[in-house]
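[1] Build me a model:
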Amino acid sequence: MTRFRRRHLVPALVATVALIVAAPAGASRAPSGKERRALTSAVLASHVGAINKVPRSHFRVTGQRVSSVSGSWAKAELVARPAFRSTFQNAIVIAVRPAGTTQWVVVDLGSAEVGCGIAPNKVLADLFNTRTPCPPGAGIG
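    Residues are numbered from 1 along each chain as shown. Sure, this is the predicted structure:
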């Protein structure tokens, strides 16, 4: 091997290894338009946390993501509109799409440890892009 090739081979190998190590694991995906509309409808109609009783003018549903670990799980964010920031607390919802259906069902709402003990840890880690979505003992393996 010539000196020129050897000199460039090591940095190229180091760069390749760095890219492989730094590459993120599977990540949740943006929903299709149909999934986004169905998820938003499920959130607005949900009895969980009485979301269906809060006027739609107070918040918007945003940040919808579908798990790439299991496409039956999703999350969405409820974000206060500017006029209601002092009276509406932002929150996150976890929804599931029961087998054989196309409709989402909200199963949890909150601002911390949302979905813990309800959805599998791998799904929550995917949706929240974190390694440890739940405290030890609070999740589902």
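[2] low-scoring pLDDT stretches of this protein, where are they?
    Along the chain, the parts satisfying pLDDT under 70 run over 1-26.
[3] most centrally placed residue in this protein?
    To find the centre residue of the chain, average its C-alpha atoms and take the closest one (C-alpha atoms, centre = their mean): that gives Leu127, at 2.5 Å.
[4] my read: it touches Ser28, true?
    Yes - with contact defined as C-beta atoms under 8 Å, Leu127 and Ser28 form a contacting pair (5.0 Å). In this view, the C-beta of every residue, glycine as well, is placed from N, C-alpha and C.
[5] one step back: not counting its neighbours along the chain, what's nearest the residue nearest to the centre of the chain?
    Among residues not flanking Leu127 along the chain, Lys75 sits closest, at 4.6 Å (C-beta to C-beta, 6 or more residues apart in numbering).
[6] Now do the same contact list for that neighbour.
    If a contact means C-beta atoms under 8 Å, 6 or more residues apart in numbering, then Lys75 has 28, 63-65, 92-95, 114-115, 127-128 as its contacts.
[7] Going through those, which ones are buried?
    Listed as buried from these are 28, 64-65, 92-95, 114-115, 127-128; burial here means 16 or more other C-beta atoms under 10 Å.
[8] which of those lies closest to His47?
    When these are ranked by distance to His47 (C-beta to C-beta), Val93 comes first, at 12.0 Å.
[9] How far does the helix or strand harbouring that closest one sit from its chain's centre?
    Secondary structure from DSSP states H and E places Val93 in strand 91-96. On the basis of C-alpha atoms, centre = their mean, to the nearest Å, strand 91-96 sits 9 Å off its chain's mean C-alpha point.
[10] Can you list the strands that the helix or strand that that strand is followed by pairs with?
    Going down the chain from strand 91-96, the next helix or strand is strand 105-110, by DSSP H and E. Pairing partners of strand 105-110, with direction, according to DSSP bridges: strand 91-96 (antiparallel).
[11] mind saving the C-alpha coords of the partner strand as CSV?
    Once side chains and other backbone atoms are set aside, the C-alpha atoms of strand 91-96 remain, and they are given as CSV (Å, rounded to 0.1, in the frame of the first residue of the first chain):
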residue,chain,number,x,y,z
ALA,A,91,-49.5,18.7,27.8
ILE,A,92,-48.7,15.6,25.9
VAL,A,93,-51.1,12.8,25.0
ILE,A,94,-50.3,9.2,24.1
ALA,A,95,-52.7,7.4,21.8
VAL,A,96,-53.0,3.8,20.6
